[in-house]
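Asks: Build the 3D model from these lines:
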Amino acid sequence: MPIVNRIADLHAEIAAWRRDIHAHPELRYDVHRTAALVTEKLKSFGCDEVVPGIGRTGVVGVIRGRKAGKVIGLRADMDALPLEEETGLPYRSTVPGKMHACGHDGHTAMLLGAAKYLAETRNFAGSAVVIFQPAEEGGAGAQAMVQDGLMTRFGIQEVYGMHNCPGVPVGAFAMRPGPIMASADHITIELEGKGGHAARPHLAIDTILVGAQIVNQLQSIVARNVDPLEAAVVSICAFQSGHTDNVIPQHATLRGTARAFTVEVRDTLRRRINEVVEGTARLYGATATVTYTNGYPVVVNPEAQTKFVAGIAREISGKDKVDVAFPPRMAAEDFSFMLNERPGAFIWIGNGDSAGLHHPAYDFNDEVIPAGTSYWVRLTETALAG
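Replies: So this is what the prediction gives:
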């Protein structure tokens with residue numbers, strides 16, 4: 001079955017919702033306007049329950065089918081990024097320093113379109129729980145919703161997520177069983193040396209020199225402590241020290257991230273980062289304090305549910321437009337917190353030849369809407385057939 005006819009009819013309306021959300025981006029948990037719009041739409045569709053305030057500012061809608069049965073969750077994220085938009089579009093961001101640079105506006109609009117259709121037709125047995133989540137971009141909104149009783153309160157037995165993917169053709173889908181997105185942990189390194197005059201370095205302990213050596217040495221962890229057949233990334237992305245050109249600074253701060261696809265590699269990174277940082281600082285006479293904070297877990301797709309969603313994607317787009325062995329990404333996704341609670345699957349949908357995610361020129365491609373919304377509809381009707 002290709003694109004659902006009714007969804008094709010709704011395309012322009014869904015795109016208008018998307019562009020309205022795009023023009024009014026909100027960050028992390030501060031998605032009050034977006035959540036209010038979602039709540040109003042779900043109520044107007046005739047959802048059986050509409051519950052705001054799950055995970056602080058998340059919204060949940062329940063659509064019951066024609067008879068009782070299984071309960072599945074469908075998740076979209078609502079938040080934007082702290083980025084200045086450079087698209088020049090007529091519906092560009094109206095909020096300085098904020099933009100939808102990851103397509104969450106499109107995710108929200110597509111799931112709203114599916115909710116409208118499902119509430120009209122109810123051609124399924126069981127319940128579809130539509131989940132609109134805040135704070136995917138670094139705020140762990142999925143974890144907040146889970147901790148607020150999302151799965152137990154609404155009786156969710158399986159949960160599914162979808163994200164757009166620049167570079168994959170419009171109307172195409174991609175997924176894989178097993179790890180599909182990496183864990184992402186946070187590193188902060190505080191260095192203390194001995195400040196002094198730039199002309200008398202022998203009387204100082206230079207935290208810039210120490211920090212530079214630490215940056216170099218950290219790369220040896222992936223090169224020499226991780227199995228070459230595994231994947232890992234250690235990136236130091238901020239180095240702050242000093243205020244002028246003739247003073248050796250006493251303090252320095254480095255910040256970065258460590259990413260992996262397995263618990264074993266993740267543990268190795270944590271252990272070796274601490275050892276390398278402390279040992280290198282000691283070698284130069286400085287002291288180091290490492291704060292290593294666990295972030296999002298690995299997104300792991302179960303085999304059975306991945307096979308199921310691949311079949312749904314083929315119905316929508318055809319076999320030749322569904323990649324079931326898509327390479328895993330080192331980026332992270334907090335949908336992992338939901339998959340750690342219930343089986344399900346995370347899938348990519350093509351955004352075509354657009355700017356990349358988190359780029360100031362990125363825009364969600366509205367031509368994606370019919371395929372993405374039809375995917376949610378067919379997934380629900382198939383998973384809850386009976």
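Asks: Check the offset of the lengthiest helix in the chain from the chain's centre.
Replies: Taking DSSP state H as the criterion, the chain has its longest helix at helix 263-283. What separates the centre of helix 263-283 from the centre of its chain is 26 Å, taken as CA atoms, centre = their mean, to the nearest Å.
Asks: Spatially central residue for the chain, please.
Replies: Glu333 (3.3 Å; CA atoms, centre = their mean).
Asks: surely that residue meets His163?
Replies: Yes: counting by CB atoms under 8 Å, Glu333 touches His163, with 7.0 Å between them. (Glycine included, C-beta is placed from N, CA and C.)
Asks: do you know how far the residue nearest to the centre of the chain is from Cys165?
Replies: According to CB to CB, to the nearest Å, Glu333 stands 12 Å off from Cys165.
Asks: contacting residues for the residue nearest to the centre of the chain?
Replies: Residues counted as contacts of Glu333 (CB atoms under 8 Å, 6 or more residues apart in numbering) are Glu136, Gly161, His163, Met181, Tyr296, Val299, Phe346.
Asks: and Gly171, what pLDDT?
Replies: What the model reports for Gly171 is a pLDDT of 89.
Asks: And the one 3 residues further on, by the same measure?
Replies: Reading off the confidence values, Ala174 has pLDDT 98.
Asks: isn't it right next to Asp323, touching?
Replies: Yes: applying CB under 8 Å, one finds Ala174 in contact with Asp323, separated by 4.2 Å.
Asks: hmm, back to that, what's the overlap in contacts for Glu333 and His163?
Replies: With CB under 8 Å, 6+ apart, Glu333 and His163 have common neighbours Phe346.
Asks: Closest to Ala361 out of the contacts of Glu333?
Replies: His163 (18.7 Å; CB to CB).
Asks: if I look at the residue nearest to that closest one when sequence neighbours are not counted, how far off is Cys165?
Replies: In this structure, His163 finds its nearest non-sequential neighbour in Trp348, 5.9 Å apart by CB to CB, 6 or more residues apart in numbering. Counting by CB to CB, the separation of Trp348 from Cys165 is 4 Å.
Asks: overlap in contacts of those two?
Replies: With CB under 8 Å, 6+ apart as the test, Trp348 and Cys165 both reach Ala174.
Asks: Would you mark the buried spots in the longest helix of the chain?
Replies: Val265, Arg266, Thr268, Leu269, Arg270, Arg272, Ile273, Val276, Val277, Glu278, Thr280, Ala281 (16 or more other CB atoms under 10 Å).
Asks: other SSEs contacting that helix?
Replies: The contact analysis (3 or more CB pairs under 8 Å, 6 or more residues apart in numbering; DSSP states H and E) places helix 263-283 against strand 183-192, helix 207-224, strand 232-241, strand 251-260, strand 287-296.
Asks: distance between stretch 222-236 and the chain's centre?
Replies: With CA atoms, centre = their mean, you get 22 Å for stretch 222-236.
Asks: Please work out the average pLDDT along it.
Replies: Rounded mean pLDDT across stretch 222-236 is 97.
Asks: what's in contact with that stretch?
Replies: 182, 187, 214-215, 218-219, 221, 254-262, 265, 268-269, 272-273, 328, 330.
Asks: in that stretch, what's buried?
Replies: Val222, Asn225, Val226, Ala231, Ala232, Val234, Ile236.
Asks: Quick check: beta-bridge partners of the fifth one?
Replies: Meaning Ala232. Ala260 (DSSP bridges).
Asks: related to what we said a few turns ago, which pair in the buried residues of stretch 222-236 has the greatest spatial separation?
Replies: Ala231 and Ile236 (18.3 Å).
Asks: Mutual contacts of Ala174 and Asp323, please.
Replies: What both Ala174 and Asp323 touch, as defined by CB under 8 Å, 6+ apart, is the set Val168.
Asks: Among these two, which residue is more densely surrounded?
Replies: Ala174 (22 against 17; other CB atoms under 10 Å).
Asks: What's opposite that one in the beta bridge?
Replies: Asp323, Trp348.
Asks: count of neighbours near Gln240?
Replies: Gln240, neighbours per other CB under 10 Å, totals 11.
Asks: roughly how far apart are the residue lying closest to it once chain neighbours are set aside and Ala361?
Replies: Nearest residue to Gln240 in three dimensions, chain neighbours excluded: Thr253, at 4.8 Å (CB to CB, 6+ apart). Between Thr253 and Ala361 the distance is 31 Å, computed by CB to CB.
Asks: Could you do Gly167 as well?
Replies: Distance from Gly167 to Ala361, by CB to CB: 14 Å.
Asks: Equivalent analysis for Thr262, please.
Replies: Distance from Thr262 to Ala361, by CB to CB: 35 Å.
Asks: So these two - more neighbours on which side?
Replies: Thr262 (18 against 14).
Asks: Can you tell me the SS state at Gly61?
Replies: strand (DSSP: H, G, I helix; E, B strand; the rest coil).
Asks: What's the local residue count around it?
Replies: 28.
Asks: was I right about it contacting Val50?
Replies: Yes: Gly61 lies in contact with Val50 (CB under 8 Å); the separation is 5.1 Å.
Asks: Mind listing the shared neighbours of those two?
Replies: Leu42.
Asks: Please enumerate the helices of the stretch 51-200 of the chain.
Replies: Counting by DSSP state H, counting those that start in this stretch, the segments of the stretch 51-200 of the chain that form helices are 104-121, 141-147, 150-153.
Asks: Remind me what the longest one packs against, helices and strands.
Replies: Translated: helix 104-121. helix 5-23, helix 32-45, strand 58-64, strand 67-77, strand 125-133, strand 158-165, helix 369-383.
Asks: and the longest one, which residues are buried?
Replies: Looking back up the chat, that one is helix 5-23. Ile7, Leu10, His11, Ile14, Ala15, Trp17, Arg18, Arg19, Ile21, His22, Ala23.
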